[in-house]
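1. Give me coordinates for this.
(one chain, ligands or ions: 1)
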Amino acid sequence: MTPIFDIHIFVCTNQRTGTDKLSCGETHGLELVAEFKKQLKDLKVGLKTRAQRAGCLGICDFGPTIAIYPEDIFYVGVKKSDVQEIIESHIIAKIPVERLLLKS
Ligand code: FES
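-> Numbering: from 1, shown residues only. Next comes the predicted model:
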């Protein structure tokens, strides 16, 4: 099956309540979704892209976490100020942003 989008960005916006465990939505996951949408439009990447909210991606301790497909790459500790670099480097130049990569 052919993917609908060339690049699909999932931003964890999970908000966990009743626990001390951090979740991305409590930090700034929603702000990241809005920033990706804005920057993808402003930077005119020339690809079919989509940035959307996602539930917990299972990497809560290092969040906010995002996943980018089709590369299946996870970035952690992403800030609003990192969004432009992710788009310009990862999405446009096809060079992952090393410092934000989830290290296994
Ligand atoms: S709450 Fe964001 S990865 Fe789990």
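2. can we go C-alpha only for contacts and neighbour counts from here?
-> Fine.
3. next one: the helix or strand of the chain with the lowest mean pLDDT to chain centre, how far?
-> Least confident helix or strand of the chain, by mean pLDDT, DSSP states H and E, is helix 24-27 with a mean of 75. Centroid separation for helix 24-27 versus its chain: 13 Å, with CA atoms, centre = their mean, to the nearest Å.
4. touching the ligand at all, it?
-> Yes - against the ligand, helix 24-27 shows contacts by CA under 6 Å from any ligand atom at Cys24.
5. Quick check: what element follows that helix along the chain?
-> helix 29-42 (DSSP states H and E).
6. for that next one, which positions count as buried?
-> 29-30, 32-33, 35-37, 40 (16 or more other CA atoms under 10 Å).
7. Strand partners (parallel or antiparallel) of the next helix or strand after that helix?
-> Proceeding N to C from helix 29-42, the next assigned helix or strand is strand 49-54, under DSSP H and E. Strand pairing for strand 49-54, determined by DSSP bridges: strand 7-12 (parallel).
8. what comes up buried for the strand it pairs with?
-> 7-12.
9. State the three-state secondary structure for Arg99.
-> helix (DSSP: H, G, I helix; E, B strand; the rest coil).
10. What pLDDT is listed against it?
-> You'll see Arg99 listed with a pLDDT of 97.
11. coming back round to it: now flag whichever of the buried residues of helix 29-42 is closest to the ligand.
-> The ligand lies nearest to Gly29 out of these, by CA to the nearest ligand atom, at 8.0 Å.
12. list the contacts for the closest residue in space to the closest one that isn't next to it in sequence?
-> Of all residues not flanking Gly29 in the chain, Thr13 sits nearest, at 4.6 Å (CA to CA, 6 or more residues apart in numbering). When contacts are counted by CA atoms under 8 Å, 6 or more residues apart in numbering, Thr13 touches 23-26, 28-30, 53-56.
13. List the contacts of the residue sitting nearest the centre point of the chain.
-> Against the mean C-alpha coordinate of the chain, by CA atoms, centre = their mean, the closest residue is Ile66 at 3.1 Å. Shown in contact with Ile66 (CA under 8 Å, 6+ apart): 9-12, 57, 74-76, 78.
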